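>>> kindly generate the corresponding structure for this input.
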Amino acid sequence: MLKIKLIKSLTGIALIGIIGSVTLSSHNPSYAHETHENHRNNSTTLSVWDKATVNYSGSKKITVYNSPSCGCCKQWMAHMKKHGFEVTDIKTENIDAIKQKNNLPSQLASCHTAIINGYVMEGHIPADDIKRFLSQKPKMKGLAVAGMPIGSPGMESDKIKQPFNVIAFNNKGKSEVFNSYKNY
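A predicted model of the protein is given here:
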């Protein structure tokens with residue numbers, strides 16, 4: 001089990017964990033997140049990747065930029081399609097230019113970058129988190145899951161499910177935990 005160290009600061013709480021230092025906003029209740037500590041992937045409980053618990057009636061047209069050589073991106077796109085998203089798959093050898101153009105903080109980078117309704121979605125984000133984020137229409141640039149967590153689509157493992165955070169970020173370097181997954 002991942003242990004997380006919390007440190008009080010003048011601006012809020014700093015969460016030190018998998019991706020480094022992220023500032024949590026205690027002034028914005030819309031980012032209260034559900035921690036999935038009790039969701040276990042067994043025969044009676046669907047994983048976070050399979051179940052759909054968030055209703056979203058807006059546009060589900062999402063454009064995904066990814067390297068032609070990345071296999072896990074295809075699996076994440078299949079996850080999105082399973083949740084009703086209309087995926088446009090754009091292969092590019094210059095994925096870094098897409099990330100820079102969309103002001104993605106480098107510490108939040110992953111293998112693919114998606115654009116939906118003007119928001120940036122980076123990496124292996126569960127579809128329900130994207131639907132919840134789009135429903136809230138926050139004044140943030142987007143969501144990101146840094147790296148490629150073991151246990152996410154395309155990175156499956158029979159024995160390991162790496163804990164991860166879904167991070168909301170803006171153009172000014174502010175980021176906060178939108179959701180956290182421990183056991184899924």
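>>> across the sheet, point out what pairs with residue 115.
Beta-bridge partners for residue 115, by DSSP bridges, are residue 63, residue 120.
>>> contacts only, for it.
62-63, 65, 102, 121 (C-beta atoms under 8 Å, 6 or more residues apart in numbering). Backbone N, C-alpha and C define where each C-beta goes, glycine included.
>>> can you show me the helices along this structure?
72-82, 95-101, 127-136 (DSSP state H).
>>> which of the ones you listed has the lowest mean pLDDT?
Of all those, mean pLDDT reaches its minimum on helix 72-82 (a mean of 85).
>>> need the CA coordinates for it. CSV is fine.
What follows is helix 72-82, C-alpha atoms only, in CSV (Å, rounded to 0.1, in the frame of the first residue of the first chain):
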residue,chain,number,x,y,z
CYS,A,72,-1.1,1.1,-24.8
CYS,A,73,-2.7,4.1,-26.4
LYS,A,74,-5.0,1.8,-28.5
GLN,A,75,-6.2,0.1,-25.3
TRP,A,76,-7.0,3.4,-23.6
MET,A,77,-8.9,4.5,-26.7
ALA,A,78,-10.8,1.2,-26.6
HIS,A,79,-11.7,2.0,-23.0
MET,A,80,-13.0,5.5,-24.0
LYS,A,81,-15.1,3.9,-26.9
LYS,A,82,-16.6,1.4,-24.4
